[in-house]
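In: Here is a sequence together with a model predicted from it:
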Amino acid sequence: MSFTIRHWNRQTMPTKHVLVCEDNLGHQQAIAQHLASLWPSEGNVQVSYVPGALMGATILWAVEVDLILLDHDMPHGSGSDFLTWLGTHFSKLGRPVPDIITFSGIPENNTHMKSLHPQAHLYSKSDVLLGKADALMNQILGM
């Protein structure tokens, strides 16, 4: 299946893609507000929100993603499930593995995800929401 990429009625075509894996609607809203304050609403960065690893893997399978904010405790596949899938199946796509920022409110979950994917950047949900990962996210995205 192919789709035409169109640029109608949009000032800037997005060139970067952030995937937020978070099942809690309140936390989705909070991170959406934070990211909207960080990047222009129709700028170079587009953001996808999914409530679990299964949906996150589906997005990664379909399109390129530059950065993933990864929660752990989600009903449709945990952050650990996602990282296990990433380590065993993603290489078949022949694309670089996106940068990952841990995004759990429970420190032990973040540490566990970091142990599964040592290249992950270790942050808590509150760190990200307070802007402590902003410089890193901008660096990863080349902003």
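Out: On my side now, so go ahead. Predicted, not measured: the structure shown is a model, and the values here were computed from it.

In: C-alpha from now on. contacts and neighbour counts both.
Out: Fine.

In: mind saving the C-alpha coords of the helix or strand hosting Asn110 as PDB?
Out: Element membership for Asn110 (DSSP states H and E) is helix 107-116. Output of helix 107-116 as PDB, limited to C-alpha atoms (Å, rounded to 0.1, in the frame of the first residue of the first chain):
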ATOM      1  CA  PRO A 107      11.900   4.400  38.700                       C
ATOM      2  CA  GLU A 108      12.300   0.700  38.700                       C
ATOM      3  CA  ASN A 109      10.500   0.400  35.400                       C
ATOM      4  CA  ASN A 110      12.800   2.900  33.800                       C
ATOM      5  CA  THR A 111      15.900   1.100  35.100                       C
ATOM      6  CA  HIS A 112      14.500  -2.200  33.800                       C
ATOM      7  CA  MET A 113      13.800  -0.700  30.300                       C
ATOM      8  CA  LYS A 114      17.400   0.700  30.300                       C
ATOM      9  CA  SER A 115      18.700  -2.800  31.100                       C
ATOM     10  CA  LEU A 116      16.800  -4.200  28.100                       C
END
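
In: Quickly find the element holding Leu136.
Out: helix 134-141.

In: Let's test this: mean pLDDT of that helix, rounded?
Out: Across helix 134-141, the average pLDDT comes to 98.

In: Give the buried residues for that helix.
Out: Neighbour counts using 16 or more other Cα atoms under 10 Å place Asp134, Met137, Leu141 of helix 134-141 among the buried residues.

In: circling back: please name every helix or strand in contact with the following helix or strand past the helix holding Asn110.
Out: Going down the chain from helix 107-116, the next helix or strand is helix 125-129, by DSSP H and E. Helix 125-129 is packed against helix 25-38, with contacts defined by 3 or more Cα pairs under 8 Å, 6 or more residues apart in numbering; DSSP states H and E.

In: Apply 7 Å and report the result again.
Out: When contacts are defined as 3 or more Cα pairs under 7 Å, 6 or more residues apart in numbering; DSSP states H and E, helix 125-129 packs onto no helix or strand at all.

In: List the buried residues in that helix.
Out: Lys125, Val128, Leu129.
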